[in-house]
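Student: Provided below are the primary sequence and the corresponding predicted coordinates.
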Amino acid sequence: MFWGCGPLFMIIPFVLYAADVKVSPMWLVMFYVLIIFGEAITNAVSYSSASLVAPKAFTTQMMTVWSMSQSTGAALSTLAVNFYHEGSEATYFLMIGGITCLIGLLVMIFAKKIEKGMGLADSKQA
């Protein structure tokens with residue numbers, strides 16, 4: 001959900017300040033801090049999950065597929081930038097941050113079912 005908090009945080013300067021006002025670059029720094037914190041949390045967990053769900057003979061391939069999924073995310077962000085229009089920055093960041101936080105919330109709600117489906121619930125008890 002930290003991935004979504006970064007764009008949501010960027011709504012604040014667009015609401016507080018007029019378009020012609022120069023603001024502190026610390027707004028961008030905090031945006032990136034939130035994004036990087038989210039990445040630091042999820043990166044290790046995602047690689048661990050990829051190796052846990054893969055059959056023993058295909059662990060390396062599964063790690064590669066996971067790495068390739070990150071490029072898919074980058075490609076999706078190149079599509080999302082088409083929705084950006086000058087003057088509607090707050091709405092743009094609200095949609096990106098809101099959707100990301102919603103997905104994070106859904107993952108939290110269904111975490112037990114996801115673990116069970118991945119076969120991770122059984123490995124925790126062992």
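Tutor: Cool, got the structure.
Student: same for the helix or strand harbouring residue 45, what does it pack against?
Tutor: Counting by DSSP states H and E, the secondary-structure element that holds residue 45 is helix 26-53. In this structure, helix 26-53 packs against helix 2-9, helix 59-80, helix 111-118, helix 120-125, with contacts taken as 3 or more Cβ pairs under 8 Å, 6 or more residues apart in numbering; DSSP states H and E. Where C-beta positions appear, they are placed from N, C-alpha and C, glycine not excepted.
Student: Would you mind finding the most buried of those?
Tutor: Ranked by average neighbour count under the criterion mean count of other Cβ atoms under 10 Å, the helices and strands packed on helix 26-53 are headed by helix 2-9 at a mean of 20.
Student: other SSEs contacting the very next helix or strand once past that one?
Tutor: As assigned by DSSP H and E, the chain's next helix or strand after helix 2-9 is helix 11-16. If contacts are counted by 3+ Cβ pairs under 8 Å, 6+ apart, helix 11-16 sits against helix 89-109.
Student: mind running it again at 10 Å?
Tutor: Taking 3 or more Cβ pairs under 10 Å, 6 or more residues apart in numbering; DSSP states H and E as the contact definition, the neighbouring helices and strands of helix 11-16 are helix 26-53, helix 89-109.
Student: Next, the angle from the longest one to helix 111-118.
Tutor: In this case it means helix 26-53. Computed with axes from the mean of the first three to the mean of the last three Cα atoms, to 10 degrees, the direction of helix 26-53 lies at 40 degrees from that of helix 111-118.
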